[in-house]
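> What would the 3D arrangement of this be:
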Amino acid sequence: MISGPFIHFDPTATLQAVMMRHPTSPLSIPGTSTSPNVVSASDIHCRVCERQYDGSQHFGIDICRACAAFFRRSVSVKKTFVCRRGTNSCPLNISRKTTCQKCRWMRCLNVGLQVELVSGHRSPDHVKQPPRDEEKFEMEEESIRDGDESDSGSEGKPFDRMDPTPPHEQTFQHIPLHRPIPTMANPNLLLTRNSLISKVLRNYEEFTKNRLELELSLPHIQQEQKMFGSTGIPIVKATRETVFEIYQKQLELLHIFLRSTFSEYEECDVPEQKRICALFYPVLWEIESCYWTYRNMPATSDCEHFLMCTQTTYIDVRDVEYWLGNTDGNSAEDINTIKTRLERLLQTARTSILDRMHKLIIKEFEFVTVLALNIWAPRNHQQSCLDKAADHVRTTLFDDLHYLYHDELRIENYAGRMGEIMCLFTEVQTADLSSTIQNIFFSELTAYIYAQ
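I've put the predicted structure just below:
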């Protein structure tokens, strides 16, 4: 097992705080990069009002305290708002006293805030509810900070019902450079039951930390040309040789993760374990590359050609020659063929998986659930000795999802969200995408796995 500063992980600390203590972290020294993709604390914006703020999460989403308090108040007193300008697209990054409350309310719904969670006195990240006098003080404080809620651009009044669904025709401009949900689990989400999902989550965090430490120790990280994502981890352009070296060195860590998480895997013989690893590695890349892109790369035109390979590397489809490395002996036709396949792979991954993650604002436990479902997908174990075991694992994961949505998060009607998660699972299972990844990235690694 790899040891180091990431092994002794404080679950209450942010990844940025952990990286501050790592000697190779860019956060341990003053930032000098001029890359447009550097994300500092001053670049984090509230998803609702677009103002810069401290980056804290409320209701599990990156919104400022003022917008969280506005949403809570609006739900508690059952307000309804009217946009007197009639546009339903008013700018929100302006003085609080002139903010259109109708558009602010619609933006709250649009970024994923849920009325049921306030009325049920339970937030998605399970932040402990303050005493009523403290809550009253906070609401009054936020009201003073916000100014008059009923301004010349909108009006609010008590009403007997609210429509929690934002209009489909409402289209907002993209919020600039907000921080995606981090890889490390939100410490405020209390998994009070010792479920399989919580076990997967804990072990995946360990798996991720150990792999990151390994990557940070490799020579590629010393490249001068690098950028830093929202987590502060250095990211460099990938070559085929670098990525193969990383995956090769991480193979034992994958085996440890699977063995410590699933008794079904641990009880398999060695050939069966190798088969599972060989099947899962391309799918793991498919899911994680999109998730790390979602987490690190802002959704701007500057990054639309990028897809992360590992936690410290990315592919730029416009520079496929760099990915190939030494192209001596390769014809221009061969290079163009590979470039076309990479472009198609990147586009499919972004539209099928990455865009869906952005739309869902996918939670940590949902991400690891999709990961686990792909390990035990039906097509991987049909006509094998693990067929019934895979059925049992999937049933347990679905039961745990029900518990998390219904009992932990108090979402009464979670059918739509769970359906979207299953759509994401289906997209990941698409054979064409997985086979393309297998051929481009893992043909040599598969042979290496079976040779061990």
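> Can you mark which positions in the helix or strand containing A278 are buried?
For A278, the enclosing helix or strand under DSSP states H and E is helix 270-296. Applying a neighbour-count criterion of 16 or more other Cβ atoms under 10 Å, the buried positions in helix 270-296 are 273-296. For the C-beta atoms, the positions are set from N, CA and C on the backbone; glycine is no exception.
> Equivalent analysis for stretch 411-420, please.
I411, Y414, R417, M418.
> Ok, stretch 47-55 next?
Under the neighbour-count criterion of 16+ other Cβ under 10 Å, stretch 47-55 has R47, V48, C49, E50, R51, Q52, Y53, G55 buried.
> Regarding it, how distant is the last residue from the first?
This stretch, stretch 47-55, spans 10 Å end to end (Cα to Cα, to the nearest Å).
> I'd like the average pLDDT over it.
The pLDDT scores in stretch 47-55 average 83.
> Also stretch 294-307?
Averaged across stretch 294-307, the pLDDT comes to 77.
> now swap in stretch 331-340 and tell me
Per-residue scores along stretch 331-340 average to 80.
> do the same with stretch 406-424
Throughout stretch 406-424, pLDDT has a mean value of 87.
> Could I have the CA atoms of that stretch written out in PDB?
As requested, C-alpha coordinates have been extracted for stretch 406-424 and formatted as PDB (Å, rounded to 0.1, in the frame of the first residue of the first chain):
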ATOM      1  CA  HIS A 406     -35.900   9.000   0.700                       C
ATOM      2  CA  ASP A 407     -34.500   8.700   4.200                       C
ATOM      3  CA  GLU A 408     -31.300  10.700   4.200                       C
ATOM      4  CA  LEU A 409     -32.100  13.500   1.800                       C
ATOM      5  CA  ARG A 410     -35.900  13.400   2.400                       C
ATOM      6  CA  ILE A 411     -36.700  13.600  -1.300                       C
ATOM      7  CA  GLU A 412     -40.300  12.300  -1.600                       C
ATOM      8  CA  ASN A 413     -40.400  11.900  -5.400                       C
ATOM      9  CA  TYR A 414     -36.900  11.000  -6.500                       C
ATOM     10  CA  ALA A 415     -38.000   8.900  -9.500                       C
ATOM     11  CA  GLY A 416     -36.900  11.500 -12.000                       C
ATOM     12  CA  ARG A 417     -33.400  11.900 -10.600                       C
ATOM     13  CA  MET A 418     -32.900   8.200 -10.200                       C
ATOM     14  CA  GLY A 419     -34.000   7.800 -13.800                       C
ATOM     15  CA  GLU A 420     -31.400  10.300 -15.000                       C
ATOM     16  CA  ILE A 421     -28.700   8.400 -13.100                       C
ATOM     17  CA  MET A 422     -29.800   5.200 -14.800                       C
ATOM     18  CA  CYS A 423     -29.600   7.000 -18.200                       C
ATOM     19  CA  LEU A 424     -26.100   8.000 -17.300                       C
END
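> Map the structural domains onto the sequence of the protein.
What the record gives for the chain is the domain set 40-178, 196-451, from automatic domain parsing.
> Least reliable of these by average pLDDT, please.
For the domains of the chain, the bottom mean pLDDT is recorded on domain 40-178, which sits at a mean of 62.
> Out of the buried residues of stretch 47-55, which comes closest to E366?
R47 (18.1 Å; Cβ to Cβ).
> what's the residue lying closest to that closest one once chain neighbours are set aside in contact with, if anything?
Ranked by Cβ to Cβ, 6 or more residues apart in numbering and with sequence neighbours excluded, the top spatial neighbour of R47 is V111, at 4.3 Å. With contact taken as Cβ atoms under 8 Å, 6 or more residues apart in numbering, V111 is in contact with R47, V48, I61, I63, I361.
> from those, which single one is nearest R211?
Comparing the contacts of V111 against R211 with Cβ to Cβ picks out I361 as the nearest, at 24.6 Å.
> my read: the closest one touches I61, true?
Yes: contact status for I361 versus I61: in contact at 6.4 Å, counting by Cβ atoms under 8 Å.
> The two - which one has more neighbours?
I61 (23 against 16; other Cβ atoms under 10 Å).
> follow-up on the earlier one: spatially, which two of the contacts of V111 are the most separated?
Using Cβ to Cβ, the contacts of V111 span at most 12.7 Å, a distance reached by V48 and I361.
> And for D334, the neighbour number?
D334 has 12 nearby residues by other Cβ under 10 Å.
> Secondary structure element holding it?
Under the criterion DSSP H and E, the helix or strand holding D334 is helix 332-349.
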